[in-house]
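Asks: Structure, please.
(one chain, ligands or ions: 1)
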Amino acid sequence: MTFASEIHTFHSGKPQPQSSSSSPSSTFTSVDPTTAKPLATIYTTTPSQLDDAVASAHAAFPSWAQTPPPRRAAILLRAAALLRQRNDELALTETLDTGKAWSETSVVDVATGADVLEYYAHLVAGGLPGQHTRLRPDAFVLTSHEPLGVCAGIGAWNYPLQIALWKSAPCLAAGNCMVYKPSEVTPLHANTLAHIYIEAGLPPGVFNVVYGDGPSTGAPLVAHEGIAKVSFTGQVSTGSKVASQAARGMKGITMELGGKSPCVVLPDADVDEAADVAMAANFFSTGQVCTNGTRVFVPDTLLARVEEALVKRCREGIRMGLPRDETTNFGPMVSAAQRDKVNMYIKHGRDIDRAKVLYDGASDAQETKPTRDGFWVAPVIFTNCTDDMRVVREEIFGPVMCILPYCAEGKTQEEWMPELVRRANDTPMGLAAGVVSSDISLAQDVIRQLHAGITWINTWGESPAEMPVGGWKMSGVGLENGHEGIQAYMRTKSTLVQLGKGACKDVFAKL
Ligand code: NAD
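Replies: Numbering: from 1, shown residues only. Next comes the predicted model:
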């Protein structure tokens, strides 16, 4: 077993089992999406435990904030090393909890979290940036960046460990403390992460974990008067509620929300390249990735060939199977609720939107359910889609690709590009976008016009620690990763220093 079978609130450096005198404990289970069987029992954080978690973070804050950045960095580097040492155990936990294929979690999920710890450790090791500006010979302005205090992190279920690290690494590196709430759907990683931080030398109270759903634990955490900032990852609708609640306390926010991103194939694209990018943009992690390029724009001149290449890849490349098998690259949906939601959209696309089904893995002989009770949904490709279809407009968060043809036949670039860009931008969301082309400057020209915060040319999905990521429009507020990611956990203090006495002597003397 790679995780505890009973998981409790973690604060003050250790798990906090509820006392037998506390009111009847409420628990929930984490469920294995492959078998629908429970994996572990999690005790919902009680209101008094939530207060204690925030209080333990406040108690730890003054000393952690004063800890020299190189010492903070050394602890974060040790935590990263422990994560890498325990990669297989943590990856297996993620595979069991989310249903993601081991072929992904063993190389992506833990490593991309450790990368961010190392990145911020190195960034702060030489001290946090400040500025010293000389105003005149006898005065200068000192600008320093200070931690905010106790920050709340709230995570989604699709990259549980990675999200916890993308929030906690810059937060702790900047000298803040954190109370983290993982998604109730995939909570198993957080307890192990909290122990790893302690083993690495993080003082008790600097990183704390509370458990429960949105109404019972997330909302009171956001509203708690001891919280200075909320970093949230989840749906647009939830993010809007969280941002409103945070605004009541004038708290800082970072919002990493949903998307409906365009994957734009230009007329000069190589067909195989276009199909490979569109597959990665839609079916990695069984389609449960926020930045997925689910609206695939294909010129009429390439449509038949791109469709053929996509069907071939679905038939030959997708290996739906038990997530722990090394050859599997397509697992189940994370939960029964997510399976039902995705199936609802597939039915809607077919029966109400009347999109043409190019590929349906469920009826394809290649795709059979690997287990009876798992939350399986086979990949689906709709083609000849139009911009007004519900499957084209709403985030599905599952393996459903929509191909939107555009007219390039007999048209000049000046004729096809404006309409293509207008359609690609025709969404209230603006998380990601990508372009496939053989001409980098042409691709750049299109990228420049797309309304999205995270963009790719001739690839999809890679998001290294150095790359600031965040959505435009309804897809988010603020950025994670890169230099911007740590600035989100600091505030600026400017001090004008007057050398010598007498600067204010004449202010009233003249009146
Ligand atoms: P969700 O909004 O349902 O839940 C996210 C988190 O918010 C959970 O921990 C939940 O318990 C909590 N929550 C719910 N109501 C709350 C409330 N009122 N107050 C405080 N917390 C509350 O999202 P989800 O279904 O877990 O995740 C999928 C969504 O996350 C998708 O829309 C996806 O696009 C998005 N996502 C975005 C990014 C990004 O970086 N932009 C990354 C991953 C996932």
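
Asks: Only C-alpha atoms from now on, for both contacts and neighbour counts.
Replies: Will do.

Asks: centre of the chain versus stretch 125-141, how much separation?
Replies: 35 Å (Cα atoms, centre = their mean, to the nearest Å).

Asks: What residues of that stretch count as buried?
Replies: A125, L128, F140, V141 (16 or more other Cα atoms under 10 Å).

Asks: farthest-separated two in these?
Replies: A125 and F140 (26.0 Å; Cα to Cα).

Asks: re earlier: let's see which of the buried residues of stretch 125-141 end up in helices.
Replies: Using DSSP state H, the subset of the buried residues of stretch 125-141 located in helices is A125.

Asks: Any idea which of the buried residues of stretch 125-141 the model trusts least?
Replies: Among these, L128 carries the weakest pLDDT, at 77.

Asks: and the residue lying closest to A174 once chain neighbours are set aside, what are its bridge partners?
Replies: Leaving aside its sequence neighbours, A174 sits nearest to P147 (Cα to Cα, 6 or more residues apart in numbering; 5.7 Å). Listed by DSSP bridges, the beta-bridge partners for P147 are M490.

Asks: got a list of what P147 touches?
Replies: A65, A174, G175, N176, Y489, M490, R491 (Cα atoms under 8 Å, 6 or more residues apart in numbering).

Asks: Which one of the residues you listed is nearest to F10?
Replies: N176 (17.2 Å).

Asks: which ones are touching that closest one?
Replies: N176 is in contact with F61, W64, A65, P147, L148, G149, V150, C151, V206, Y489, counting by Cα under 8 Å, 6+ apart.

Asks: burial count for the second one?
Replies: Here the count is done by other Cα atoms under 10 Å, and W64 has 25 residues near it.

Asks: ok, the helix or strand it falls within near the ligand or not?
Replies: Using DSSP states H and E, W64 falls within helix 47-66. No. Helix 47-66 does not reach the ligand (Cα under 6 Å from any ligand atom); its nearest approach is 13.4 Å.

Asks: what angle separates the following helix or strand past that helix from helix 47-66?
Replies: Per DSSP H and E, the first helix or strand lying C-terminal to helix 47-66 is helix 69-85. With axes from the mean of the first three to the mean of the last three Cα atoms, to 10 degrees applied, the angle from helix 69-85 to helix 47-66 works out at 120 degrees.

Asks: Would you mind listing the buried residues in helix 69-85?
Replies: Neighbour-count burial for helix 69-85 [16+ other Cα under 10 Å]: 69-84.

Asks: N329 and the ligand, how far apart?
Replies: 19 Å (Cα to the nearest ligand atom, to the nearest Å).

Asks: again, but for V209
Replies: Applying Cα to the nearest ligand atom to V209 and the ligand gives a distance of 12 Å.

Asks: and that residue, what does it touch?
Replies: By Cα under 8 Å, 6+ apart, the residues touching V209 are T9, F10, H11, A53, V179, Y180, K181, P182, A190, N191, A194.

Asks: What is the nearest of those to the ligand?
Replies: P182 (5.2 Å; Cα to the nearest ligand atom).

Asks: Below-threshold pLDDT in the chain: ranges please.
Replies: 1, 20-24, 365-367, 510-511 (pLDDT under 70).

Asks: Quickly list the domain ranges of it.
Replies: As assigned by the TED database, the chain contains the domains 6-15+26-258+475-494, 262-457.

Asks: mind giving me a markdown table with the ones you listed and columns for distance to C504?
Replies: Output for the domains of the chain, formatted as a markdown table (distance: least, Cα to Cα, whole Å):
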| stretch | distance to C504 |
| --- | --- |
| domain 6-15+26-258+475-494 | 13 |
| domain 262-457 | 48 |
